[in-house]
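> What follows is a predicted structure for the sequence shown.
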Amino acid sequence: MTTVRASISARIALMDKQIVDRDRLPIGRVDDAELQLPDDGGPPYITALRIGAQALGERLGGSVGGTMAAAAARLRTDPSPAGLDVSLVEHLEPMVAVRARLADLPQIAPLERWLAQRIQRAPGAGDAPQ
Amino acid sequence: MSRVFAFTLGTLSAIGGFIDIGDLVADAQVGARFGLRLGWVTLVSVVGISCFAEMAGRIAVKTQRPAFELARSRLGARFGLFGLVGSLAVTALLVMAELSGIALALQLATDIHYLLWVPLAALLVLIVFWTLPFEAMERIYGLLGLTMLVFVLAVWALEPDWSTLLRSAATPSPTGPESWATYLFFVVALIGAQMTPYEMFFFSTGAVESRWRPKDLAELRVNVLVGFPLGGLLALAIQAVAFIVFFQAGVQVEHISQTALPVAVGLGKVGLIVAIVGIFAATFGATLETLFATGYDVAQYFGWSYGKVQEPARAARFTAVTVGLLLAATALALTTLDPITVTIVAVVFSASLLPFLFLPVLLVANDRDVMGELANGPLANVLGTAVIAITILISLAAFPLLVLTRGGIA
Amino acid sequence: MLTRAFFAALGVAVVVAALWYVVAPPRGVDGYRERASSTAEALRSQVQTARIWLRTVARDDTLLTSASVGLWEAEEDASAVASGFEGYDPPRGADELRADLSGLADETTSALGDLRIAAHRGDWGTLPRLAEPLPRLADRLQALARRAQP
């Protein structure tokens, strides 16, 4: 696994971008990013991408963001927002492409899975992706 | 054979824009009170929406992502959210109104009160949404909507004095007793009703769903150049027949039944039946279009999977939101709120939002990094900028005119 | 914080003012006469619509169900606009105008009501006779609308 050191403007090149998985299925958007400061005192680097309405709400802040985050948090069982390790990112243009399959990322979009399980019981609904 | 169907996406998008429930009543109202003196507004709307639908479609073809998705990517989460909430509010009201429109068409045919039809209409919409693939839906409603051409036929059948029609069309001012404020209010209302952003978003998402690539650019343009002008033609025909039958009599149009009446006068029973089928198809198509457009907006903002090419279980959140919206619209319709009034308010607010929703499309279409050789040429930019300038004026005038004229009644 | 609250309050004030303007009753004699005039025109519109529907019935140019809906809507709208107007207090000097318009409104809603009932009963044969007062009503409403115009 190579570590790429590049300077990007997170706001322009990364944030709010659509993320797709290995099969080009939409995973979500870059709603927030986890940063870490390196020990050698250099600029912060991104360790993970956070996905989901809870992360977005926390990033937006204010009353709007707070409400969004609170509502989203209620729908999750996991207390912390969903994160995607940055090592899984393959490239950033035109969309953020990730090397894993959505099915292998259970912490992402649990609501989608939960709803899909229920919807697929209805006639004509097709099968939820596995 | 597939070439015949090649223009159905454009036609379906145009149906929602030019002959949905709001337009059906507004066009007839305008024709009855102003003749064809507001015909130029329809021409402006056709040019404007064609320009932006082509841009949004071109963006979709190049990036394989639909236009609204870019709202958040380009404008950021906050502005994108503002656009989403605004869009949602307007489109949610429109779904309710269009659904009521289906029920009103059924009422016109059967003399059974429209509220009794609302749940059945909602169920039909749900079944179509759930089971029909995008292309089939597009074709059926695109073609059925063409029955609205009966209005064009009716213009001929009514044997009008053509010079009167032409003179009316060439006079962009209010008729005798009407005020400029009312005239301008209807300019705003017609633009809001005919240049609705959801037409553009629906068209661009449809372009992605139809898997168009840069090589399909010609097909995309045919869709735009056939669909929207056709929509404009139908809108003008509705205005014309209302002018011919209602103007001298002093009738003010408030109901779908009055929209269809001139066709009965001109073409008799058969014409009326075709018109009712057309109205049913147009409102059904518009319900689907507004429903999808809203679902797409939410899904694209949050980055969910969505779409008609997917089965419901494969786009679970999109399905849940869209079905939820349908249920909310049904409940709202059953509160006996007047759908025509709701539409008028919705289109005026839609008119105010136009600049915010058109601007990102113009910006992205010009971005060579994204669009490459498909970026805007001078024509698209000149037209696009002119349209945005017009929409800014409309946006500023919309709310004051709505209040001042009490919704065109004063 | 303060500016946010200020703008929010301003927004609410604008919306309230707008709503008030839209639903406020007519002010002054001129305002009242203007409203009377537009009410008379609206009533005439319903009468004329009914007449056109009846013409199509006579020529067998329509579905009877649609004509029935059209006649019912005409009556409903006429009653609504009439009672809306009658709810306003007339300013001094406008009492006669109110009486004239009320009288015409009653005749209109009554005639349209008869048509609606006959249509719903399927007594289409009686419609021509019931429709006789309509042309005269339309003319009188138009005349009143012109007279009332300030």
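It's in.
> For chain B, what's its nearest residue on chain A.
Nearest residue of chain A to chain B, counting by Cβ to the nearest Cβ: A:Gly126, 2.6 Å away. In this view, the C-beta of every residue, glycine as well, is placed from N, C-alpha and C.
> which residue packs closest to that residue, ignoring adjacent ones?
B:Glu311 (2.6 Å; Cβ to Cβ, 6 or more residues apart in numbering or on different chains).
> For that neighbour, the count of nearby residues, please.
As a burial measure, B:Glu311 scores 21 neighbours (other Cβ atoms under 10 Å in any protein chain shown).
> Could I get the pLDDT score of it?
We have a pLDDT of 72 for B:Glu311.
> quick one: it and A:Ala125 touch, right?
Yes - if you go by Cβ atoms under 8 Å, B:Glu311 and A:Ala125 touch, sitting 6.3 Å apart.
> Look up how far B:Glu138 lies from B:Leu288.
9 Å (Cβ to Cβ, to the nearest Å).
> can you pull out the helices in the chain?
With no chain named, the answer covers chain A. A:53-60, A:62-74, A:110-119 (DSSP state H).
> you looked at the wrong chain, it should be chain C
Taking DSSP H as the criterion, chain C carries its helices at C:2-23, C:28-58, C:64-86, C:95-121, C:127-130, C:133-148.
> is chain B contacted by the shortest one?
No - contact check for helix C:127-130 against chain B, using Cβ under 8 Å from any Cβ of the partner chain: none in range, with a minimum separation of 15.3 Å.
> is the worst-scoring helix or strand of chain C on mean pLDDT anywhere near chain B?
Here the helix or strand of chain C ranked lowest by mean pLDDT, DSSP states H and E is helix C:2-23, holding a mean of 84. Yes - counting by Cβ under 8 Å from any Cβ, contacts between helix C:2-23 and chain B involve C:18, C:21-22.
> Leaving out chain neighbours, which residue sits closest to the residue of the stretch 1-150 of chain B found nearest chain C?
Proximity of the stretch 1-150 of chain B to chain C (Cβ to the nearest Cβ) peaks at B:Asp111, 3.9 Å away. Residue nearest to B:Asp111 in three dimensions, not counting chain neighbours: C:Thr65, with 3.9 Å by Cβ to Cβ, 6+ apart.
> wait, doesn't the one you found sit right on B:Ala264?
No - judged on Cβ under 8 Å, C:Thr65 makes no contact with B:Ala264 at a distance of 12.0 Å.
> the more surrounded of the two?
Set side by side, C:Thr65 and B:Ala264 show more neighbours around B:Ala264, with 30 against 16, by other Cβ under 10 Å.
> Please, which helix or strand holds the more buried one?
helix B:256-302 (DSSP states H and E).
> Do that helix and chain A come into contact?
Yes - Helix B:256-302 is in contact with chain A by Cβ under 8 Å from any Cβ, via B:Phe302.
> what element comes up after that helix heading to the C-terminus?
Using DSSP H and E, the first helix or strand after helix B:256-302 is helix B:316-334.
> for that next one, packing partners?
helix A:110-119, helix B:67-110, helix B:114-131, helix B:256-302 (3 or more Cβ pairs under 8 Å, 6 or more residues apart in numbering or on different chains; DSSP states H and E).
> please redo it, this time with the cut-off set to 10 Å
Contacts defined by 3 or more Cβ pairs under 10 Å, 6 or more residues apart in numbering or on different chains; DSSP states H and E place helix B:316-334 against helix A:110-119, helix B:67-110, helix B:114-131, helix B:256-302, helix B:339-366.
> Check which residues of the shortest one are buried.
By that I understand helix A:110-119. For helix A:110-119, burial by neighbour count (16 or more other Cβ atoms under 10 Å in any protein chain shown) applies to A:111-112, A:115-116, A:119.
> between it and helix B:114-131, how many degrees?
100 degrees (axes from the mean of the first three to the mean of the last three Cα atoms, to 10 degrees).
> Can you measure across stretch A:102-122, start residue to end residue?
Using Cα to Cα, to the nearest Å, one end of stretch A:102-122 lies 23 Å from the other.
> sorry, back to before: tell me, what's touching B:Glu311 and A:Ala125 both at once?
A:116, A:119, B:130-131, B:319 (Cβ atoms under 10 Å, 6 or more residues apart in numbering or on different chains).
> what's the farthest-apart pair in those?
Pairwise distances among these were taken by Cβ to Cβ; the largest, 17.4 Å, belongs to A:Ala116 and B:Thr131.
> residue ranges for the strands of chain A, please.
A:18-20, A:26-29, A:32-36, A:45-51, A:82-85, A:89-91, A:96-98 (DSSP state E).
> helices or strands up against the second one?
Translated: strand A:26-29. Packed against strand A:26-29 by the contact rule (3+ Cβ pairs under 10 Å, 6+ apart) you find strand A:18-20, strand A:45-51, helix A:53-60, strand A:82-85, strand A:96-98, helix A:110-119, helix B:67-110, helix B:256-302.
> So for chain B, the centremost residue is which one?
In chain B, the residue lying closest to the centroid (Cα atoms, centre = their mean) is B:Gly17, at 1.4 Å.
> Does the residue nearest to that one when sequence neighbours are not counted lie in a helix or a strand, and which?
Here the nearest residue to B:Gly17 in space, its sequence neighbours aside, is B:Glu199; by Cβ to Cβ, 6+ apart that works out to 3.9 Å. Per DSSP H and E, B:Glu199 falls inside helix B:197-209.
> gap between that helix and the chain center?
Distance, stretch centre to chain centre, for helix B:197-209: 12 Å (Cα atoms, centre = their mean, to the nearest Å).
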